[in-house]
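# Can you look at this prediction? I've put the sequence above it.
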Amino acid sequence: MRSLPLAVCLAVLLMPALVTRADDIDFNRDIRPILSNRCFACHGPDESNLEAGLRLDDGEVAVSVLSSGGRAIVPGKPDESQLIERITSSDPDLRMPPADFGKPLSEKEVATLRNWIAAGAPFATHWSYQPIRRPDLPALAPDQQAWVTNPIDQFVVARAASHGLSPMPEAAPLALIRRLYLDLTGLP
């Protein structure tokens, strides 16, 4: 009988941990792993295994109208999204992922997906797929330009200046040789 109050207290304390707030959800951190582990085998980028023409890795396809007339994801409306209907269905013929694929999603995963859809279901591509762009070089004072011999130096000098630091004069060749010697031997 003593364990019942303890169990109730633990349940009340741990309940907030089960639900991820919508404003805390990051697609790449929270949503992509769920979809990747549970959905991408049949609804991912592999065209040979694609089921029902639904790709959950592509935001445009995931929110578009399906051949059934519904939409897998209706941004801002989790109760109208077929994704939520399918992952919470009690009908084994409708439930996703199918029983032969593996265990169903946990309550926390369902709540995370529901909150993400309620927040507008923002899709984000992985940072590695973003096009490479050259950053703008930071502006330097004329007296700091003397230290710049390549673009990386310009970033280093600008960061040092933002912390109130300035470069030291170039070391004498003898000091550089001593530093190299100490680096190579590992002695102080």
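Cool, got the structure. Residues are numbered from 1 along each chain as shown.

# Model confidence score at the closest residue to residue 179 other than its chain neighbours, please.
Excluding its sequence neighbours, the residue lying closest to residue 179 (CB to CB, 6 or more residues apart in numbering) is residue 171, at 7.4 Å. Where C-beta positions appear, they are placed from N, C-alpha and C, glycine not excepted. In this model, residue 171 is scored at 94, pLDDT.

# I figured residue 171 was touching residue 180, is that so?
No: applying CB atoms under 8 Å, one finds residue 171 not in contact with residue 180, separated by 10.8 Å.

# Count the neighbours of residue 61 for me.
Counted by other CB atoms under 10 Å, the residues lying close to residue 61 total 15.

# immediately after the worst-scoring helix or strand of the chain on mean pLDDT, which helix or strand?
Lowest mean confidence among the helices and strands of the chain (mean pLDDT, DSSP states H and E): helix 3-18, at a mean of 54. For helix 3-18, the following helix or strand on the C-terminal side (DSSP states H and E) is helix 32-38.

# Do a quick rundown of the helices in the protein.
Using DSSP state H, the helices of the chain run over 3-18, 32-38, 40-43, 59-62, 82-88, 107-118, 151-162, 173-185.

# Now distance to residue 51 too, for those helices, in CSV please.
CSV is the format used below for the helices of the chain (distance: least, CB to CB, whole Å):
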stretch, distance to residue 51
helix 3-18, 30
helix 32-38, 13
helix 40-43, 4
helix 59-62, 13
helix 82-88, 12
helix 107-118, 18
helix 151-162, 48
helix 173-185, 59
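
# for the residue positioned nearest the centre of the chain, what are its contacts?
Centroid check for the chain by CA atoms, centre = their mean gives residue 28 as the closest residue, at 2.5 Å. Applying CB atoms under 8 Å, 6 or more residues apart in numbering to residue 28 gives the contacts 124, 126-127.

# In terms of model confidence, name the weakest of those residues.
Minimum confidence in the contacts of residue 28 sits at residue 126, scoring 76.

# contacting residues around that one?
Residue 126 makes contact with 28, 32, according to CB under 8 Å, 6+ apart.

# From residue 119, how far off is it?
Residue 126 sits 19 Å away from residue 119, going by CB to CB, to the nearest Å.

# And for residue 30, the neighbour number?
Residue 30, neighbours per other CB under 10 Å, totals 16.

# That one is in contact with residue 112, isn't it?
Yes: taking CB under 8 Å as the definition, residue 30 is a contact partner of residue 112 at 5.6 Å.

# Domains of this protein: list them as residue ranges, please.
10-125, 145-185 (automatic domain parsing).
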